[in-house]
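> I would like to see how this sequence folds:
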Amino acid sequence: MSMPTLLNPSLRRRVIAAAVAVVLATGAAVALSPGSSASATSYPSWADVQAAKASQSAQQDKVTEIKGLIADLETQATAKQQSADDAGTAYQTAQTTFDAATLQQQQLQDQADAAEVTASKSEAQAGQLAAQLGRASANDVTTDLLTHPTGSKDYLYELGAMSKLSEQADGIYSQATQDRGTAQAEADKADKAKKALGALAEAAQQKMQAAQQAADAAQQAVAAQNDNQTRLEAQLTLLTSNATDVEAKYNEGVAAEQARQAALAKQRADAAAAAARAAAPSGGGSGSGSNGSGGGTPTASGWVRPSAGYQTSPYGYRVDPYTHAHALHAGVDLAPACYSPIYAAHDGTVTFAGNGGGYGNEVILDNGGGISTAYGHIVNGGIMVSNGQHVSAGQQIAQVGSTGWSTGCHLHFETRVNGAAVDPVPFMAARGISV
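Here you go, the predicted structure:
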């Protein structure tokens, strides 16, 4: 699925210029075949427009109708795109909140585990002292002192040693009790944080689904606009001018624009292929090295590198170069050339393909077993898959771009376990891939 782009007014005027040279300067823009709107709206045909010129009233009515249709297309496309932007941002916020909370819970659990080890050691030491004191008390020192007065010095020394041992034991018992209390408190914190993760995970999932629905609605609205607005504006020109060959010139403009778009697509494909060749290791291979070409033959575990390019930013907390805020960077950034191929890192099903807020245009794959992978900052028009589609490891799913919170072309790649981001470097390394 390639997300359509809303045509700006200047480009649209150039399309009409290609259709009606007598009105505007020659040019071209996106114009598709009429009648392919995703909505149920009825649009006038060229024959309808030509017939309306038979009378002034019919002509004026048709002008009013077409202006209303154009205004509605613009309003719907703008509103749906804004809704998609808002939903994408809401999803991104929910996901990053969940990721940060998951990392914090893991840190709390690590602290709880360390505190448990300390408490266990303290309790073991206290137990050893208790056993030692028990053995000492088994020998009745007072009785020995009364029955063997000649050895009184030795027994007095023994009494002093026992007193010191008892004092030491009291301290160790106290420390063991304190350590156990600390371990319990840390465990309680970790458990509380873990319980909160369920609601955060559900919120992130719901927001992602809402963002997908909004992206689909925006795509339909923009497709309807791109399919129909240029034609409607050309028809409006036919109604309001003396030109007689508007339809023919409009069709010429459509054909020219389709040829231009095909040439542009070929240029992008050639640039992507050149970038992949330049990044490929001279000795060949599957692209699993630190600057591998991406894609290629999957490892024995079925994984591939998701793109070419060196890693430019690791997983972890950092000052975000776009927002300048200290926040968790929940993936790694790989920086090949713009329009370079992005590959599915593993077999999976597309669960999201659309506007991901700060992630920009994003694709998410469910790779099975609670594992998912995310691919962000895809170039506008560069999403090559659709929601629900099954893909194979190494299959191209998108092109590298710089959409969303990005300062230059790169792939933001995430690996998620049960919906939460984990560091992709050890995750992929365990599967034979270096990122």
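> for residue 363, what are its contacts?
For residue 363, the contact set (C-beta atoms under 8 Å, 6 or more residues apart in numbering) comprises 342, 350, 352-353, 374-375, 378, 383, 385, 397-398. Backbone N, C-alpha and C define where each C-beta goes, glycine included.
> can we see that at 10 Å?
By C-beta atoms under 10 Å, 6 or more residues apart in numbering, the residues touching residue 363 are 1, 342, 344, 350-354, 356, 373-376, 378, 382-387, 389, 391, 397-398.
> and the one helix or strand it maps to, what's buried?
Element membership for residue 363 (DSSP states H and E) is strand 361-368. Neighbour-count burial for strand 361-368 flags 361-367 (criterion: 16 or more other C-beta atoms under 10 Å).
> what's the closest non-adjacent residue to residue 70?
Leaving out its chain neighbours, the residue that sits closest to residue 70 by C-beta to C-beta, 6 or more residues apart in numbering is residue 232, at 5.3 Å.
> do residue 404 as well
Nearest one to residue 404, counting by C-beta to C-beta, 6+ apart, is residue 360 at 2.6 Å.
> next up, phi/psi of the one you found, please.
Per-residue torsions, residue 360: phi 70, psi -160 (degrees, to the nearest 10).
> can you tell me how far it is from residue 89?
Separation of residue 360 from residue 89 (C-beta to C-beta, to the nearest Å): 11 Å.
> shared neighbours of those two, anything?
Listed as contacting both residue 360 and residue 89 by C-beta under 10 Å, 6+ apart are residue 404.
> compare those two (neighbour count), which wins?
residue 360 (21 against 18; other C-beta atoms under 10 Å).
> tell me the pLDDT of the more buried one.
Per-residue confidence for residue 360 comes out at a pLDDT of 96.
> residue contacts, it?
For residue 360, the contacting residues are 88, 92, 376-380, 401-406, 412, by C-beta under 10 Å, 6+ apart.
> in terms of secondary structure, what does the helix or strand hosting residue 207 contact?
Assigned by DSSP H and E, residue 207 belongs to helix 152-240. Contact partners of helix 152-240 among helices and strands, from 3 or more C-beta pairs under 10 Å, 6 or more residues apart in numbering; DSSP states H and E: helix 9-19, helix 46-52, helix 56-138, helix 141-147, helix 246-279, strand 348-355, strand 361-368, strand 420-422.
> take those and write them to CSV, including distance to residue 184.
Below are the helices and strands packed on helix 152-240 laid out as CSV (distance: least, C-beta to C-beta, whole Å):
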stretch, distance to residue 184
helix 9-19, 66
helix 46-52, 79
helix 56-138, 8
helix 141-147, 38
helix 246-279, 53
strand 348-355, 40
strand 361-368, 38
strand 420-422, 26
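> what about the residue nearest to residue 432 when sequence neighbours are not counted, which SS state?
Leaving aside its sequence neighbours, residue 432 sits nearest to residue 299 (C-beta to C-beta, 6+ apart; 3.6 Å). Put simply, residue 299 is coil when judged by DSSP: H, G, I helix; E, B strand; the rest coil.
> residue 333 now?
Residue 333 ends up strand, using three-state DSSP.
> count the neighbours of it for me.
Residue 333: 22 neighbours (other C-beta under 10 Å).
> please apply the same query to the one 5 residues further on.
Each residue near residue 338 was counted by other C-beta under 10 Å, and the total is 18.
> that one reaches residue 268, doesn't it?
Yes: Residue 338 is within contact range of residue 268, at 9.1 Å (criterion: C-beta atoms under 10 Å).
> joint contacts of the two?
With contacts taken as C-beta under 10 Å, 6+ apart, residue 338 and residue 268 have 379, 382, 399 as neighbours in common.
> for the second one, pull up the helix or strand it's in.
With the criterion set as DSSP H and E, no secondary-structure element contains residue 382; it sits in neither a helix nor a strand.
> how close does residue 321 get to residue 310?
Separation of residue 321 from residue 310 (C-beta to C-beta) stands at 16 Å.
> oh sorry, the question was meant for residue 231
Counting by C-beta to C-beta, the gap from residue 231 to residue 310 is 47 Å.
> most neighbours among the shared contacts of residue 338 and residue 268, which one is it?
In terms of neighbours by other C-beta under 10 Å, the shared contacts of residue 338 and residue 268 top out with residue 399 at 26 neighbours.
> please name the nearest non-neighbouring residue to that one.
Per C-beta to C-beta, 6+ apart, closest to residue 399 is residue 382, 3.5 Å.
> ok, now residue 214?
Leaving aside its chain neighbours, residue 214 sits nearest to residue 87 (3.8 Å; criterion: C-beta to C-beta, 6+ apart).
> give me every residue that touches that neighbour.
Going by C-beta under 10 Å, 6+ apart, residue 87 touches 207-215, 217-218, 354-357.
> now do the SS call for residue 384.
The assignment at residue 384 comes out as coil when based on three-state DSSP.
> typed the wrong thing, it's residue 387
Following three-state DSSP, the label given to residue 387 is coil.
> gap between it and residue 349?
9 Å.
> overlap in contacts, the two.
residue 364.
> what about residue 431, neighbour count?
If you count neighbours by other C-beta under 10 Å, residue 431 ends up with 18.
> you'd agree it is up against residue 425?
No: contact status for residue 431 versus residue 425: not in contact, 11.3 Å apart, counting by C-beta under 10 Å.
> and for the closest residue to residue 238 other than its chain neighbours, the neighbour number?
Distances taken as C-beta to C-beta, 6+ apart put residue 246 closest to residue 238, at 4.2 Å, once the chain neighbours are dropped. Per other C-beta under 10 Å, the neighbour tally for residue 246 reads 24.
> so residue 246 makes contact with residue 237?
Yes: contact status for residue 246 versus residue 237: in contact at 5.8 Å, counting by C-beta under 10 Å.
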